[in-house]
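Peer 1: My questions concern the predicted model and sequence given below.
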Amino acid sequence: MNKFSELTLSASLQSNLTRHGFVQPTPVQAQAIPPALEGRDVVATAQTGTGKTLAFLLPIYELLTRGERPNGVSALILTPTRELALQVNEAAVKLAASLPVRSSTVVGGMSESTQLHAIRKGSQVVIATPGRLCDFLERKLVDLSGVRFLVLDEADRMLDMGFLPAIHAILKKIPAARQTLFFSATIEKSVAHLINSHVRNPVRIAIGGDSKPVDKVDLHVYEVEQDRKLSLLKKLLEAEAGSFLVFARTKHGADRLAKKLGTKGFDAARIHGDRTQSQRNQALAGFKKGDYRVLVATDVAARGIHVDGIAHVVNYDLPQVPEDFIHRVGRTARAGARGTASTFSTRAERNDIRQIEKALGVRLTPREAGADLEREEKSSLKTVVIPIQRHQKPAGQKHPGGSFAPRGRRRFGSR
């Protein structure tokens with residue numbers, strides 16, 4: 001498939017694709033959509049920013065419009081975060097304009113009654129996070145017995161976040177005779193087990209390496225002292241145009257950094273797990289519109305921010321595990337554009353940088369931070385001492401800073 005016009009689709013879907021500028025499919029769309037339209041199960045791995053959302057939405061909406069109008073929930077799309085669920089729904093609304101198919105979201109941090117009302121009013125497509133949906137099922141508030149299509153989007157991230165028990169509980173409530181579309185950036189052992197248990201004779205699609213950042217991202221590393229990082233970020237912001245997505249390790253660090261940037265004249269918003277859903281939506285919407293040039297985020301947003309045109313991703317703090325590096329830098333160079341990802345590393349973190357390069361098979365190009373960087377005032381710095389944990393943490397249990405590190409994922413060893 002070289003063009004969407006080659007597909008046998010309803011006139012409304014073709015018109016909506018054209019209206020929103022979808023003419024030529026990305027590689028994952030070209031390979032995944034035809035077998036999905038035939039009713040085949042699909043397992044696709046592709047790097048972030050390659051168009052996976054349309055790859056599963058388009059066949060679902062086309063198949064739902066064929067024959068009689070579905071009654072009740074017919075398609076379930078599971079995503080790891082609220083932001084991603086809301087953005088998938090935003091894409092679904094655009095794609096489904098003038099179609100007799102409605103979508104709704106089931107996510108935490110938003111009104112239960114509003115979400116339940118939308119489903120009962122006749123939503124055929126439900127886009128949900130596992131935790132909130134599992135809660136609704138336990139309370140018998142949602143019926144999934146009519147589901148014909150299941151999508152697991154960013155399945156590896158859902159497992160990283162400890163959602164495997166919730167996913168198993170949800171899968172028990174939907175028919176075994178269904179079409180399953182499985183999309184992810186990476187497939188590790190735990191993900192492979194999920195595929196083997198719940199996907200039937202799938203068409204396997206792999207676009208590029210599933211453990212490397214996209215080729216169009218320029219990867220840089222700056223060795224810089226901790227108290228000079230802010231000065232380096234200010235230097236990059238002054239030297240380059242475009243929007244910046246900056247990753248901090250902790251919620252407190254994200255709040256502090258956004259405030260510091262504001263005092264230096266940069267419009268900065270922040271997004272992390274302690275912000276209300278309304279605050280997160282406002283920050284993301286403002287970043288999309290250009291009201292904020294900088295968005296400071298923790299890894300809760302690494303796969304929940306789908307914004308075209310992000311010029312620069314900055315790893316202000318290193319990620320907890322090498323694999324999270326992929327999902328951070330994948331926020332830039334989307335839809336075929338080129339982007340830059342800069343990583344700030346202290347001298348003590350040299351071994352962590354080597355781990356990233358070895359684990360992901362990449363090379364970070366060293367860049368000089370410069371001798372003119374200013375130090376932050378000592379009074380503005382706070383030291384947090386975290387005692388070393390001597391015991392093995394159970395799989396999926398939270399670690400300091402709100403991240404998760406299930407068994408089998410290698411954490412950096414220098415901290």
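Peer 2: Structure's in. What do you need?
Peer 1: Who are the contact partners of Leu194?
Peer 2: Leu152, Ala155, Leu159, Leu164, Ile167 (C-beta atoms under 8 Å, 6 or more residues apart in numbering). In short, each C-beta sits where N, CA and C put it, glycine included.
Peer 1: among these, which ones are buried?
Peer 2: When burial is judged by neighbour count using 16 or more other C-beta atoms under 10 Å, the buried members of the contacts of Leu194 are Leu152, Ala155, Leu159, Leu164, Ile167.
Peer 1: where's the spatially closest residue to Phe183 that is not a sequence neighbour relative to Lys259, distance?
Peer 2: Spatial nearest neighbour of Phe183, excluding adjacent residues (C-beta to C-beta, 6 or more residues apart in numbering): Lys52 at 4.6 Å. Remark: distance between Lys52 and Lys259 (C-beta to C-beta, to the nearest Å) = 35 Å.
Peer 1: Between those two, which is the more surrounded one?
Peer 2: The residue with the greater number of neighbours, taking Lys52 and Lys259 and applying other C-beta atoms under 10 Å, is Lys52; the counts read 27 against 13.
Peer 1: From His306, how far off is that one?
Peer 2: From Lys52 over to His306 (counting by C-beta to C-beta), the distance is 10 Å.
Peer 1: What of Gln87?
Peer 2: As judged by C-beta to C-beta, Gln87 and His306 stand 5 Å apart.
Peer 1: which neighbours do the two share?
Peer 2: In terms of C-beta under 8 Å, 6+ apart, Gln87 and His306 are both contacted by the residues Thr53.
Peer 1: picking up where we left off before, for Pro202, state which of the contacts of Leu194 is nearest.
Peer 2: Of all the contacts of Leu194, the one with the least separation from Pro202 (C-beta to C-beta) is Leu152, at 11.7 Å.
Peer 1: Could you report the neighbour count for Pro100?
Peer 2: Number of residues near Pro100 (other C-beta under 10 Å) recorded here: 12.
Peer 1: Is Pro80 in a helix, a strand, or coil?
Peer 2: Taken by DSSP: H, G, I helix; E, B strand; the rest coil, the conformation at Pro80 corresponds to coil.
Peer 1: ok, it - contacts?
Peer 2: If a contact means C-beta under 8 Å, 6+ apart, then Pro80 has Thr129, Pro130, Asp153, Glu154, Arg157, Met158, Asp160, Met161, Phe163, Arg303, Gly304 as its contacts.
Peer 1: again, only this time at 7 Å
Peer 2: Thr129, Glu154, Arg157, Met158, Met161, Arg303 (C-beta atoms under 7 Å, 6 or more residues apart in numbering).
Peer 1: Kindly report the same for Arg69.
Peer 2: For Arg69, the contacting residues are Pro100, by C-beta under 7 Å, 6+ apart.
Peer 1: does it sit in a helix, a strand or a coil?
Peer 2: Local secondary structure at Arg69 is given as coil here, using three-state DSSP.
Peer 1: Distance of it relative to Phe56?
Peer 2: Counting by C-beta to C-beta, the gap from Arg69 to Phe56 is 21 Å.
Peer 1: ranges for the strands of this structure?
Peer 2: Across the chain, reading from the start of the chain, the strands by DSSP state E fall at 42-46, 75-78, 103-106, 125-128, 149-153, 179-184, 203-207, 217-223, 243-247, 268-271, 294-297, 310-315, 339-345, 365-367.
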